[in-house]
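J.: Give the three-dimensional model of this entry:
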Amino acid sequence: MKVDVKREPRSRAVLEVEIPPESVSEGVEAALRKLNRKVEIPGFRRGKAPRTMLERFVGKETVLEEAVKELVPDAYARAVDQVGVTPITRPEIKVDEVKEGEPLRFVATVDLMPEVKIADYQSIRIPHVEPQVGDPDIDAAVEDLRSRHGHLVSAQADAARGDFVLVKVADLSGPLERFSKGKEYLIEIGGGSFPAEVEAALEGAAAGARAEVRLGEHTVTLEVVDVKRRELPEVTDEFARTAAGAGSVTVLREQLREKLSREAAEAAQGDYEQKVLDALLERATIDLPDSMIDHEVEHMVGDLADTLQKRGLTLQRYYEATQKDEPKLREEFRPAAERRIRAQLAIEEVARAEQLSPAQEEIDREVENVARRLQQDPARVREWLTETGRYDSLTGTLRRQKALAHLVTLARGERS
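T.: This is a model prediction of the structure:
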């Protein structure tokens, strides 16, 4: 069998395949036997009709079509092995006119797993700075805790930024999505939860005042019922016990320092890994096929739908709220999808080059973590992961984590 392969941009391949005449004849004979077993021809037992009678009954074109169905899939599979490519999509196949006694030619166009080339990733070096948590950070955390445990009291003053204004809708000139006549709303000045025009109109207002605000084609008239200000608790040992279960203010500050230090370290680690990944991608040459990006976009849309469903929402509601449609959403997702695939392939290439893979105990530990989250028996979860194909995905994730950790170590200069 003769096979020529042409590489095209976006990791596509065009395979020109020629099946020799003798193989075509064998395919025709196989097609005849198959049709003979399926077709009932008057005067003959099934499978015993002569070829000429069968061809006359079903038509020679039908025989040749059946031969193509028999020959092309097998020839395509052998052609892929012969030229050593790795398809990731079903082929688009165009078959030339079939003539018995002559070669059968067809062209198969298919997307391939892209080749990944990375230039000297071992030379990546990025300065690493340990995050510092100081007293100002602790002070800010204490203030945030005070704010969350504060309560609103009547201010007996004009509304200022940060104050909350209780208003009643006195009148509407037409339908407005955010307001209903006669209903009360608590609006924070500068909070951003309501239209900026509304918050601006209420700044400086006192109880009993009225404000008329134009929003688009309609106006809303608001009557100020009360101006409220957040009253914060004093920072005392009692506050520390009530707000955080700490025995004293000193203990509270230490708890906050530990928490902030841990969060800062996690954030810094994530930022550093992102810088390392950016440096890796700068060195990577990957010609992604469109089909891989489309597939990842599909996953991203599915993930968004799942997230919305957990909140009791739908994609349609999301489209309406964001003034988008599905094509626009998919187009917005494409850059992130492309980067995600490029990153995954680049890290996989590092894992391959460094011969990195998770140890069995690491895999077992992760299976146990999954079982704990699902509140299921680990053996049953392992079986479920294997049956659904998620086991390979899990080990792949662990392999990439190992490769990224290796890159981070290199980038910090801790190992050559």
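J.: CA only for contacts and neighbour counts going forward, please
T.: Fine.
J.: Residue ranges in the stretch 301-416 of the chain under the pLDDT threshold?
T.: Applying pLDDT under 70 to the stretch 301-416 of the chain flags the ranges 415-416.
J.: For it, which segments count as strands?
T.: With DSSP state E, counting those that start in this stretch as the definition, the stretch 301-416 of the chain shows no strands.
J.: in it, which spans are helices?
T.: 315-322, 326-353, 360-374, 378-387, 390-411 (DSSP state H, counting those that start in this stretch).
J.: cool, the stretch 51-200 of the chain as well?
T.: Counting by DSSP H, counting those that start in this stretch, the helices of the stretch 51-200 of the chain are 51-58, 60-83, 135-148, 196-202.
J.: Any chance of those helices in a markdown table with mean pLDDT, mean neighbour count and distance to Asp294 as columns?
T.: Listed next are these as a markdown table, based on pLDDT from 0 to 100; neighbours: other Cα atoms under 10 Å; distance: least, Cα to Cα, whole Å:
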| stretch | mean pLDDT | mean neighbour count | distance to Asp294 |
| --- | --- | --- | --- |
| helix 51-58 | 64 | 14 | 42 |
| helix 60-83 | 88 | 16 | 23 |
| helix 135-148 | 95 | 15 | 43 |
| helix 196-202 | 94 | 17 | 39 |
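J.: do you know which of the ones you listed lies nearest Pro233?
T.: helix 135-148 (6.1 Å; Cα to Cα).
J.: Contacts made by that closest one with the rest, please.
T.: Arg230, Leu232, Pro233, Glu234, Val235, Ala243, Arg253, Leu256, Arg257 (Cα atoms under 8 Å, 6 or more residues apart in numbering).
J.: center of the protein - which residue?
T.: Met300 (3.6 Å; Cα atoms, centre = their mean).
J.: Break this protein into its domains for me.
T.: 2-113, 151-231, 269-411 (automatic domain parsing).
J.: Counting residues, name the longest helix you see in the protein.
T.: Taking DSSP state H as the criterion, the chain has its longest helix at helix 249-282.
J.: So which bits of whatever helix or strand comes next after that helix are buried?
T.: Helices and strands here follow DSSP states H and E; after helix 249-282, the next one along the chain is strand 284-286. Buried residues in strand 284-286, defined by neighbour count with 16 or more other Cα atoms under 10 Å: Ala284, Ile286.
J.: How far away from the center of its chain is strand 284-286?
T.: 21 Å (Cα atoms, centre = their mean, to the nearest Å).
J.: and what of stretch 158-169?
T.: 41 Å.
J.: buried sites along it?
T.: Result for stretch 158-169 [16+ other Cα under 10 Å]: buried residues Asp158, Ala159, Ala160, Asp163, Phe164, Val165, Leu166, Val167, Lys168, Val169.
J.: next one: stretch 338-356
T.: Neighbour counts over stretch 338-356 (16+ other Cα under 10 Å) mark Glu338, Ile341, Arg342, Ala343, Leu345, Ala346, Ile347, Glu348, Glu349, Val350, Ala351, Leu356 as buried.
J.: tell me the SS of Val225?
T.: strand (DSSP: H, G, I helix; E, B strand; the rest coil).
J.: neighbours of it, just the number please.
T.: 18 (other Cα atoms under 10 Å).
J.: Kindly report the same for Thr242.
T.: 12.
J.: For it, give me its contacts.
T.: Counting by Cα under 8 Å, 6+ apart, there are no residues that Thr242 touches.
J.: for it, helix, strand, or coil?
T.: helix.
J.: separation between it and Glu387?
T.: Separation of Thr242 from Glu387 (Cα to Cα, to the nearest Å): 50 Å.
J.: Report the mean confidence score over stretch 230-246.
T.: Throughout stretch 230-246, pLDDT has a mean value of 94.
J.: Endpoints of it, how far apart?
T.: Stretch 230-246: ends 24 Å apart by Cα to Cα.
J.: Now that stretch: buried residues?
T.: Those would be Arg230, Asp237, Phe239, Ala240, Ala244, Ala246, for stretch 230-246 by 16+ other Cα under 10 Å.
J.: Quick check: closest non-adjacent residue to the fifth one.
T.: Closest residue in space to Ala244, ignoring its immediate chain neighbours: Leu252 at 7.1 Å, by Cα to Cα, 6 or more residues apart in numbering.
J.: and what of the first one?
T.: Nearest-residue entry for Arg230: Leu152, 4.4 Å, with adjacent residues in sequence omitted and distances by Cα to Cα, 6+ apart.
J.: neighbours around that neighbour, how many?
T.: 13.
J.: ok, it touching Arg229?
T.: Yes. Counting by Cα atoms under 8 Å, Arg229 is a contact partner of Leu152 at 5.3 Å.
J.: What does Lys228 show for phi and psi?
T.: phi -120, psi 150 (degrees, to the nearest 10).
J.: What does the pLDDT read for the residue lying closest to Ala159 once chain neighbours are set aside?
T.: Excluding the flanking residues, the one nearest Ala159 by Cα to Cα, 6+ apart is Gly204, at 4.7 Å. If you check Gly204, the pLDDT there is 94.
J.: right, and Gly204 touches Asp163 too?
T.: No. Taking contacts as Cα under 8 Å, Gly204 lies outside contact range of Asp163: 10.1 Å.
J.: quick revisit: packing partners of the strand or helix carrying the residue nearest to the centre of the chain?
T.: Taking DSSP H and E as the criterion, the element that holds Met300 is helix 290-310. If you count contacts as 3 or more Cα pairs under 8 Å, 6 or more residues apart in numbering; DSSP states H and E, helix 290-310 packs onto helix 315-322, helix 326-353.
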